[in-house]
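Colleague: Mind folding the following:
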Amino acid sequence: MKTGAKGKICQALLELADGKSAQDVTVSELIARAGINRSTFYYHFTGTHEALEYMMDLGMENIAAHERALRDHAAHRMAEQHVAR
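Modeller: Now for the predicted structure:
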């Protein structure tokens, strides 16, 4: 998870959404849990929906990076096996 205000907001959203839908989390709940002020939240996001979209984008980026790493590793292993023959 990222650090800084965005990271705090994301972590707070994860924690608050554990007991209810992420769509039902309010900005007031988020800023209280994250320990930031309202203007900081709105500096980064226009609303909770945008924070959720940001988190989903990060998740997709992490999945894509993991898939690339797996492909690179597999290609490297195949090259090693080819050289060993």
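Colleague: need the longest helix for the protein.
Modeller: Ranked by number of residues, the top helix in the chain under DSSP state H is helix 48-84.
Colleague: what packs against it?
Modeller: For helix 48-84, the helices and strands in contact under the criterion 3 or more C-beta pairs under 8 Å, 6 or more residues apart in numbering; DSSP states H and E are helix 4-16, helix 27-34. No exception for glycine: its C-beta is placed from N, CA and C like everyone else's.
Colleague: Please repeat the previous calculation with a cut-off of 7 Å.
Modeller: With contacts defined as 3 or more C-beta pairs under 7 Å, 6 or more residues apart in numbering; DSSP states H and E, helix 48-84 has these neighbours: helix 4-16.
Colleague: Dump the helix it packs on to CSV, restricted to CA.
Modeller: As requested, the backbone C-alpha atoms of helix 4-16 are provided in CSV (Å, rounded to 0.1, in the frame of the first residue of the first chain):
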residue,chain,number,x,y,z
GLY,A,4,1.3,9.4,2.6
ALA,A,5,-2.3,10.8,2.6
LYS,A,6,-3.4,8.7,-0.3
GLY,A,7,-2.1,5.6,1.4
LYS,A,8,-3.9,6.6,4.7
ILE,A,9,-7.1,7.1,2.8
CYS,A,10,-6.9,3.8,1.0
GLN,A,11,-6.1,1.9,4.3
ALA,A,12,-9.0,3.6,6.0
LEU,A,13,-11.3,2.7,3.2
LEU,A,14,-10.2,-0.9,3.4
GLU,A,15,-10.8,-1.0,7.1
LEU,A,16,-14.2,0.7,7.0
